[in-house]
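A.B. asks: Have a look at this prediction, sequence included:
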Amino acid sequence: MEAFDWQHLEERLFEQSSTVIKQFAEEHPDAICSFFAYDTDPGYGYFLPSFDTAENSLLQAQKNEQRAIEERAKMLSQE
């Protein structure tokens, strides 16, 4: 059985990541990226780059808190 070529995978991941990061920068020139990570699925070999901005992160946190407030209100109103 032939050994897996990890070096090739690393080079491919680096090249494609560079392309995606440049594309994000071009599409969102005024956005400040506050988060970058890979979501992976080793079983299928997926590497999915993830970006976030401080503005979006705050918006999502506010939405999550509003849902939690509404859920607590529902639970407290049930008898």
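C.D. replies: Here it is on my side, so go on. Note that this is a predicted model, so its numbers are computed, not measured.
A.B. asks: excluding its backbone neighbours, what's nearest the residue nearest to the spatial centre of the chain?
C.D. replies: By C-alpha atoms, centre = their mean, the mean C-alpha position of the chain lies nearest to Ser50, the distance being 2.8 Å. Spatial nearest neighbour of Ser50, chain neighbours left out: Ala37 (4.9 Å); criterion: C-beta to C-beta, 6 or more residues apart in numbering. No exception for glycine: its C-beta is placed from N, CA and C like everyone else's.
A.B. asks: quick revisit: which residues sit in contact with the residue nearest to the centre of the chain?
C.D. replies: Phe35, Phe36, Ala37, Tyr38, Asp39 (C-beta atoms under 8 Å, 6 or more residues apart in numbering).
A.B. asks: I'd say the fourth one and Phe47 touch.
C.D. replies: Right, Tyr38. Yes - counting by C-beta atoms under 8 Å, Phe47 is a contact partner of Tyr38 at 5.3 Å.
A.B. asks: quick one, which of the two is more surrounded?
C.D. replies: Taking other C-beta atoms under 10 Å, Tyr38 and Phe47 do not tie; Phe47 has more neighbours (15 against 11).
A.B. asks: I believe the more buried one is in a strand; please confirm or correct that.
C.D. replies: Yes - assessed by DSSP: H, G, I helix; E, B strand; the rest coil, Phe47 belongs to a strand.
A.B. asks: For it, give its distance to Ala73.
C.D. replies: 41 Å (C-beta to C-beta, to the nearest Å).
A.B. asks: How about Glu26?
C.D. replies: Shown here: Glu26 relative to Ala73, a distance of 44 Å by C-beta to C-beta.
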